[in-house]
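**Student:** Return atomic coordinates for the entry below.
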Amino acid sequence: MRFGQVAPVFFGIYVALACGSNADESKVGEGNGATGNTSSSAATGNIITNNGSTTGNGGAGSVNPGNACTQTSADGQVAQVDLFFMVDITGSMNCPVPDGGMPCDMVNGPPASGDSRWTVVSAALKAFIADPANQTLGVGMGFFPAGGGTGGPGGNNTSCNAATYARPTVAIAPLSTNAAGLTTAISMQMPNGSTATVPSLTGALNHALTWAKANPTHRVAVVYATDGQPNGCGANNTVPEAARVALTFALGSQGNPPIPTYVLGVGPSLDNLNSIAENGGTKAAFLVDTSANATSQLSAALATIRTSTALDCTYAVPNPPDGQTLAPGEVNVEFTNSAGTVTKVLQDPAGVDCASGSGWQYANGSSQIVLCGKACTDVKADKGGKIKVLFGCTTAVGNPP
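**Tutor:** Numbering: from 1, shown residues only. Below is the predicted model of the structure:
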């Protein structure tokens with residue numbers, strides 16, 4: 001897996017090609033195919049435990065031996081996860097932490113004499129970047145308002161153009177090569193200016209979508225870190241409008257890959273930000289209480305984002321051999337736990353949200369497979385577990401919840 005302390009999972013792809021293909025048939029018939037007492041299976045949710053076993057040494061594995069299709073195999077990889085951070089550097093980020101229960105709305109005021117919202121956010125971001133557990137993540141970063149950091153105009157000159165925020169300060173790249181640039185960019189920021197919520201979120205999502213289209217095997221999300229209400233940029237710069245924008249990208253309409261939005265709120269009275277996260281497909285915002293230990297809360301929130309089911313348990317489906325095609329309706333998933341018990345993970349029925357599902361679903365068209373709910377939990381909990389994706393037999397679909 002690509003995340004922190006989750007279980008390492010080995011992902012074997014067995015590709016069964018269409019009958020009558022021109023594939024090398026020397027790869028067929030070397031083993032005994034699949035055997036086992038499948039009639040006595042036990043089912044839990046969308047996971048069926050096979051009480052028999054699979055045997056064979058010819059690559060057929062547990063693909064139905066009655067399926068006379070030519071078969072070959074290819075290794076799959078856990079999908080690369082890329083996070084694009086859009087980080088608030090408005091003037092109110094200069095407010096003190098803890099806040100002491102006093103209202104604070106600094107647009108262009110001086111920073112707090114001690115810790116401020118910005119000092120704790122920037123420290124948590126730098127710790128996330130330096131954490132060895134995150135080094136395989138792809139990370140990029142932008143800041144809002146445009147002109148609000150690195151000595152720019154800020155204040156009333158805050159850019160309200162979404163295209164401005166679609167240009168990253170630091171482009172997405174693996175943290176193993178990108179950490180120094182990200183840390184430097186964070187250190188250069190000087191909070192001031194007003195809160196261009198809708199333009200900055202729209203720009204961040206547009207950038208993430210462009211990146212996802214250019215990298216179709218990657219799983220891409222936006223992490224939106226802010227400390228307050230929209231301010232300036234006209235009547236449409238509101239939380240409801242930001243939530244509408246987040247929903248549009250999370251749905252992945254018109255053939256686009258879905259881009260979820262995580263929301264990290266730092267400051268008092270931020271419950272309204274939950275609607276952005278909910279519409280963005282991540283259930284609720286991570287809200288940091290600045291009257292308590294904000295630094296530890298931020299670190300915990302970032303760790304949760306890293307290990308979230310929405311980004312974890314996602315596997316890239318490799319391309320088939322040249323000249324051959326995979327059928328999405330002939331895909332099945334198996335999980336073998338460390339004790340050797342084989343379970344078939346059923347595909348969730350159409351329309352089931354992965355957050356409430358219990359099997360597997362496609363993502364990015366058919367280029368990725370995502371384990372949902374119990375299936376994902378079981379795989380992450382078993383350090384010796386293995387996932388196998390089988391191609392060539394009609395997909396087994398679970399019952400509606």
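
**Student:** Would you confirm that Asn231 contacts Phe144?
**Tutor:** No: assessed by Cβ atoms under 8 Å, Asn231 is found out of contact with Phe144, at 11.2 Å. The C-beta positions use only the backbone N, C-alpha and C, and glycine is treated the same way.

**Student:** Which of the two has more residues huddled nearby?
**Tutor:** Between Asn231 and Phe144, counted using other Cβ atoms under 10 Å, the more crowded position is Phe144 (29 against 18).

**Student:** To which secondary structure element is the residue nearest to the more buried one when sequence neighbours are not counted assigned?
**Tutor:** Sequence neighbours aside, Ser200 is the residue nearest to Phe144 in space, at 3.6 Å (criterion: Cβ to Cβ, 6 or more residues apart in numbering). Using DSSP states H and E, Ser200 falls within helix 197-214.

**Student:** what helices or strands is that helix leaning on?
**Tutor:** Helices and strands touching helix 197-214, by 3 or more Cβ pairs under 8 Å, 6 or more residues apart in numbering; DSSP states H and E, are strand 81-88, strand 138-144, helix 162-165, strand 219-226, helix 239-251.

**Student:** Looking at the ones you listed, which one is packed in the most?
**Tutor:** With neighbours defined as mean count of other Cβ atoms under 10 Å, the helices and strands packed on helix 197-214 peak in mean count at strand 219-226, which reaches a mean of 28.

**Student:** Ala123 falls within a helix, correct?
**Tutor:** Yes: under DSSP: H, G, I helix; E, B strand; the rest coil, Ala123 sits within a helix.

**Student:** Against Pro98, how distant is the closest residue to it other than its chain neighbours?
**Tutor:** In space, and not counting its chain neighbours, Ala123 is closest to Thr295: 6.2 Å by Cβ to Cβ, 6+ apart. Thr295 sits 11 Å away from Pro98, taking Cβ to Cβ, to the nearest Å as the criterion.

**Student:** neighbour-wise, which of the two wins?
**Tutor:** Shown here are Thr295 and Pro98; by other Cβ under 10 Å, Thr295 has more neighbours (17 against 14).

**Student:** isn't that one right up against Ala124?
**Tutor:** Yes: counting by Cβ under 8 Å, Ala124 is a contact partner of Thr295 at 6.2 Å.

**Student:** got the contact list for Val139?
**Tutor:** 82-85, 129, 172-175, 178, 182 (Cβ atoms under 8 Å, 6 or more residues apart in numbering).

**Student:** Look up the residues forming beta bridges with it.
**Tutor:** Leu83, Ala173 (DSSP bridges).

**Student:** What separation do you get for it and Ser356?
**Tutor:** 29 Å.

**Student:** for Ala123, same thing?
**Tutor:** For Ala123, the distance to Ser356 - Cβ to Cβ - is 35 Å.

**Student:** Same check on Pro98?
**Tutor:** For Pro98, the distance to Ser356 equals 37 Å [Cβ to Cβ].

**Student:** And Gly265, by the same measure?
**Tutor:** As judged by Cβ to Cβ, Gly265 and Ser356 stand 24 Å apart.

**Student:** higher neighbour count, those two?
**Tutor:** More crowded of Gly265 and Ser356, by other Cβ under 10 Å: Gly265, with 26 against 10.

**Student:** name the element that one belongs to?
**Tutor:** Take DSSP H and E as the rule and Gly265 turns out to sit in strand 261-266.

**Student:** what's that strand in contact with?
**Tutor:** With contacts defined as Cβ under 8 Å, 6+ apart, strand 261-266 is touched by 88, 117, 120-121, 201, 205, 221-227, 246, 249-250, 273-274, 276-277, 279-282, 285-288, 290, 294, 298, 301-302, 305, 308.

**Student:** Packing partners of the helix or strand following it?
**Tutor:** Next helix or strand after strand 261-266 toward the C-terminus (DSSP H and E): helix 274-279. Counting contacts by 3+ Cβ pairs under 8 Å, 6+ apart, helix 274-279 is packed against helix 239-251, strand 261-266.

**Student:** Can you pull out the low-pLDDT segments for this protein?
**Tutor:** Scanning the chain for pLDDT under 70 picks out 1-78, 99-113, 147-157, 254-255, 268-269, 290-292, 308-312, 318-324, 383.
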